[in-house]
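Undergrad: one predicted model, sequence on top.
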Amino acid sequence: MSKHICTRWAFDLGSWKPTLTQLSQAVASIQPEERVRLMKFHFIDDFLSSLIGRLLMRKYVSTCSGLPHHQVKFARDVRGKPYWVREDIDGPPLSFNVSHQGSLVLLAGITGEASDPDFGIGTDVMKIEYSGGKSLSDFFRLMKSKFSAQEWSYIGRAQHDEWEQVKAFMRHWCLKEAYVKELGVGITVDLGKISFSVDTTHPLNSEVSPLTGTSLRCHDQPMENWHFEEHLLLEEDYCAAIAFRNCLPQVHGRFQFLGVEELLVKSLESELDDVISYCQRALLKPYKRS
Ligand code: COA
Ligand code: MG
């Protein structure tokens, strides 16, 4: 397999309350149809998560391609998966995917070689918590068909207390989502037929993160062209997974946390004037938590 350079970037929304100037710079660099989509969110938290995802994508493609930020153009496929509209730009083939939950936004990206462009990446992040109204066992019963018997036997292991069960559940959820997101197929696959075996030689904690010994079977067939990383982030409050199809990163590494200044690019005054009233309206949206 050829060489693949993997980028893992994270942003902690808990560390950022945007000013009008910062928000204007951010909004000025995203496409008009994305502005329309963002304004529909009720909470500013959702607005900002999605916005930061767009900025991460833009920084990633700009870094890999050498194109200035404002010349990078994205579109979405029929299922909503964003991709870079490459036009006739030279440079390595690349794949990226964004995930956001709670205060985390992640981007995983990978580049390969032009001779071997059929590869891709997917990622997902989940907060390790159960906040549903029903009991955990009722919730698990409801989710029964989404996991294989082997996965349930791992989640419900005798040595797992309730917290460990939630953690094991979320780890499997992230792995499935990362896989599905690489494919871009949303929830149209039969998730119970996608069965992960997580690395049982190590407990997943921040010291060993990322774990890379995960394997996948689909409809009972081993999927040897897929590889996975499992990460723990933000004091072990979140788990995340990266799925690699037909590629393997040169090195397994951790997510790098970026500051907002690393995502913002100076805009022209006229561009800022265009978005200022939009941003003022966005800043009136409520926070989920104060
Ligand atoms: N495929 C891959 N990535 C996609 C995508 C698709 N079809 N559609 C959007 N994305 C990207 C976008 O960058 C999106 O960000 P945006 O919403 O700000 O535009 C980001 O992925 C969203 O990912 P994430 O934050 O992880 O959201 P999610 O986990 O709620 O949704 C979906 C992921 C929409 C792609 C899809 O997998 C889904 O519908 N999931 C439903 C949940 C479910 O039942 N999962 C079962 C797992 S056991
Ligand atoms: Mg998700």
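TA: Everything's here; your move. Just so it is clear, the model here is predicted, and its values are computed rather than measured. Ligands and ions are numbered 1, 2, ... in the order given.

Undergrad: gap between Thr188 and Val78?
TA: As for Thr188, its distance to Val78 is 12 Å (criterion: Cβ to Cβ, to the nearest Å). In short, each C-beta sits where N, CA and C put it, glycine included.

Undergrad: check Gln159 too.
TA: Distance of Gln159 to Val78, computed by Cβ to Cβ: 44 Å.

Undergrad: do the same with Gly184
TA: According to Cβ to Cβ, Gly184 and Val78 sit 9 Å apart.

Undergrad: ok, Lys181 next?
TA: Distance from Lys181 to Val78, by Cβ to Cβ: 15 Å.

Undergrad: of these two, who's got more company?
TA: Lys181 (23 against 7; other Cβ atoms under 10 Å).

Undergrad: with adjacent residues omitted, what lies nearest to the residue of the stretch 51-200 of the chain found nearest ligand 2?
TA: Going by Cβ to the ion, ligand 2 is nearest to Asp124 of the stretch 51-200 of the chain, at 4.4 Å. Nearest residue to Asp124, sequence neighbours excluded (Cβ to Cβ, 6 or more residues apart in numbering): Glu177, at 3.5 Å.

Undergrad: what's the neighbour count on the residue nearest to Ile30 when sequence neighbours are not counted?
TA: Excluding the flanking residues, the one nearest Ile30 by Cβ to Cβ, 6+ apart is Arg54, at 4.8 Å. Using other Cβ under 10 Å, Arg54 has 23 neighbouring residues.

Undergrad: with Gln256 instead?
TA: 10.

Undergrad: bridging residues for it?
TA: Taking DSSP bridges as the rule, Gln256 bridges to Trp9.

Undergrad: residues touching it, list them.
TA: Arg8, Trp9, Ala10 (Cβ atoms under 8 Å, 6 or more residues apart in numbering).

Undergrad: tell me the spacing between it and ligand 1.
TA: Note on Gln256: its distance to ligand 1, by Cβ to the nearest ligand atom, to the nearest Å, is 19 Å.
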